[in-house]
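**Q** I would like the atomic coordinates for the input below:
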Amino acid sequence: MKALPYRSICEEAASVLGEYQHPQMTIHTYPLEDYMRVMSIPDWKGVAELLLGSAEIVARAGADFAISPCNTAHEAFDFMKDRSPIPWLHIAEVVADAAASQGMSKLGILGTRTLMEGNLYGAILSKRSIESMTPNMEQRERINSHIYEELIHGKFEDPTREYFQRVVDDLVNRGCDGVVLGCTEIPLILDQQDVEVPLLDSTRLLAKAALNEALREH
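**A** Residues are numbered from 1 along each chain as shown. Next comes the predicted model:
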């Protein structure tokens, strides 16, 4: 999960700043088990404490702002944003801005079951007059299983990719003109070439926004 945003920032930076160039970055994360323990309840105040802990560590290392590639963790932002020693970029805000700039009107949301069954994207997209839609209950359960039982362990099987393609097709048939890849692992198995509808890769969009913010800061 941590490698994709880091790699994305480096790739984006090279095209702007030159080969081998990128802003300074400090990465910190607690073990996934720490997050899963509080997210499973869910205890968003507990998630907020983990995010704050990481923010304090990278702030002491000199970071001007922070990002988290975990969409689900953003459910905890209201509990920690005013206490953070440095500002954060919000992944759903970044995705919503990208969708609005492309004139999208209805987005399908893919991610963990917690994310899909929450209102993180729905609330933010609605401010831009964009509707949101999630897979049905059976699909949400299966997507969640694929994420936690396969993708986070580096298992990328063709039947799983084909399943994600069918879910995207279903969302398109229900009126979606774009689909959010709201989990860091999903872009590792589903690519734009696999589907006809535009995919909004939240991880890469956040990485690009972080690069722009770093260049603006300096």
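
**Q** if you count neighbours, what's buried in the helix or strand residue 141 falls within?
**A** In the assignment (DSSP states H and E), residue 141 maps to helix 137-149. Of the residues in helix 137-149, those buried by neighbour count under the rule 16 or more other C-beta atoms under 10 Å are 139, 140, 142, 143, 144, 146, 147. (Each C-beta comes from the backbone N, C-alpha and C, glycine too.)

**Q** show me this structure divided up by domain.
**A** If the domains of the chain are taken from automatic domain parsing, they occupy 3-90+205-217, 91-202, with pieces of a single domain joined by a plus sign.

**Q** just name the most buried of those domains.
**A** Comparing the domains of the chain on average neighbours per residue, with mean count of other C-beta atoms under 10 Å, the densest one is domain 91-202 at a mean of 18.

**Q** quick one: distance of it to the chain centre.
**A** Between the centre of domain 91-202 and the centre of its host chain there is 10 Å, according to C-alpha atoms, centre = their mean, to the nearest Å.

**Q** what about that domain, how long is it end to end?
**A** With C-alpha to C-alpha, to the nearest Å applied, domain 91-202 spans 7 Å between its terminal residues.

**Q** low pLDDT regions in this structure?
**A** Along the chain, the model assigns pLDDT under 70 to residues 1-2, 217-218.

**Q** strands of that one, residue ranges please.
**A** Taking DSSP state E as the criterion, the chain carries its strands at 106-110, 131-133, 178-181, 199-201.

**Q** in TSV, list those along with distance to residue 33.
**A** Rendered in TSV, the data for the strands of the chain read as follows (distance: least, C-beta to C-beta, whole Å):
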stretch	distance to residue 33
strand 106-110	23
strand 131-133	30
strand 178-181	24
strand 199-201	26
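
**Q** so which of those gets nearest residue 20?
**A** Each of the strands of the chain has some distance to residue 20 by C-beta to C-beta; the shortest is strand 199-201, at 23.9 Å.

**Q** need the contact partners of the closest one.
**A** The set of residues external to strand 199-201 that reach it, using C-beta atoms under 8 Å, 6 or more residues apart in numbering, is 95, 98-99, 107, 168, 178-181, 187, 190-192.
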